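Colleague: Give me a model of this one.
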Amino acid sequence: MSVPFQPQVPGNKENEKIEPLPVVVLHPPARGLPPNLEAKLAGRMSKLPVSESNPIPFSKSIMKRELCVAVVKTGEIHLAVGTSHLESPCPLPPLWDLKYSEKRVAQAKQSLEILGQLRNAIFCGDMNWEDKVDGPFPLPDGWIDAWVELKPGDNGWTYDTKANAMLSANFKQQKRPDQFVCKLSDFKIDDIEMIGKEAIPGVVYYKEKIVRKEFHKLELPVLPSKHFGLVLTITLQDDIL
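Modeller: Okay, here's the model as predicted:
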């Protein structure tokens, strides 16, 4: 997941903007990597100077989830970019209703509290969030949901078994687990788009499905992910340029 934004170049004689630069964060955090290696990977994937990069484990996470934070600089302005894969629901036997909602809510609040210490912060990732189960995302004052802000009325489903043909044989689900939430003093959000909606040409996979007590082998397309991706574009406030 990338966060392109348009910084001002110190010392630019013509005082022009440069092209948006992507800040790439690990999403979801790479499983099985040592924390110090995760931090190094996050730093190397950034096109802006990274002044700090730390994984912060969530307390009492059964799935060992954590918040990965990178602080980048453009001129003298700092931006904290955090990503996480919040606790997943586990509707599996013998505990079919094990949703882990309380843990997700606690992890979201902890992440926003940590990131909110900076003037400019973005929290993004697979939140595993479902309003019917978890309630509204717990945004403190000063935080906004970028998709809701820029595309009001658009459902923003990033997990959609109807729109994603790769998932068409699955149980019907349409959800918005992937989100960008922002607290920005020196930047403004310009655009957000959904990507990864096209099938990879020439690639298919096969899945067996029982229909009316009969097995059917289905040929399905392959997309980049079972989730659609999001790209958020932010720019410096006009009075800073």
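Colleague: Now V71: which helix or strand?
Modeller: According to DSSP states H and E, V71 maps onto strand 66-74.
Colleague: Show me the helices in this structure, by range?
Modeller: Along the chain, counting by DSSP state H, helices occupy 35-44, 101-115, 131-134, 146-150.
Colleague: circling back: now do the buried residues in the strand holding V71.
Modeller: For strand 66-74, burial by neighbour count (16 or more other CB atoms under 10 Å) applies to E66, L67, C68, V69, A70, V71, V72, T74. Any C-beta I mention is one placed from the backbone N, CA and C, and that applies to glycine too.
Colleague: I'd guessed P221 sits against G202; true?
Modeller: No - contact criterion CB atoms under 8 Å: P221 and G202 do not qualify, at 9.8 Å.
Colleague: So for the two, which sits in the more crowded spot?
Modeller: P221 (16 against 7; other CB atoms under 10 Å).
Colleague: so what's the more buried one up against?
Modeller: Each residue near P221 by CB atoms under 8 Å, 6 or more residues apart in numbering is listed here: A165, M166, A199, I200, V203, V204.
Colleague: which non-adjacent residue is nearest the second one?
Modeller: Meaning M166. Among residues not flanking M166 along the chain, L223 sits closest, at 4.7 Å (CB to CB, 6 or more residues apart in numbering).
Colleague: The one you found: neighbour count?
Modeller: 19.
Colleague: How about W157?
Modeller: W157 - counted by other CB under 10 Å - has 19 other residues nearby.
Colleague: Now do the contacts for it.
Modeller: A163, Q174, K175, R176, F228.
Colleague: The third one touches T161, doesn't it?
Modeller: No - between K175 and T161 no contact is recorded; they are 9.6 Å apart, counting by CB under 8 Å.
Colleague: that older thread, will you turn the helices of the chain into CSV that also has mean pLDDT?
Modeller: CSV is the format used below for the helices of the chain (pLDDT from 0 to 100):
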stretch, mean pLDDT
helix 35-44, 46
helix 101-115, 97
helix 131-134, 91
helix 146-150, 98
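Colleague: So what pairs up with V211 in the strands?
Modeller: V211 has these beta-bridge partners by DSSP bridges: E214.
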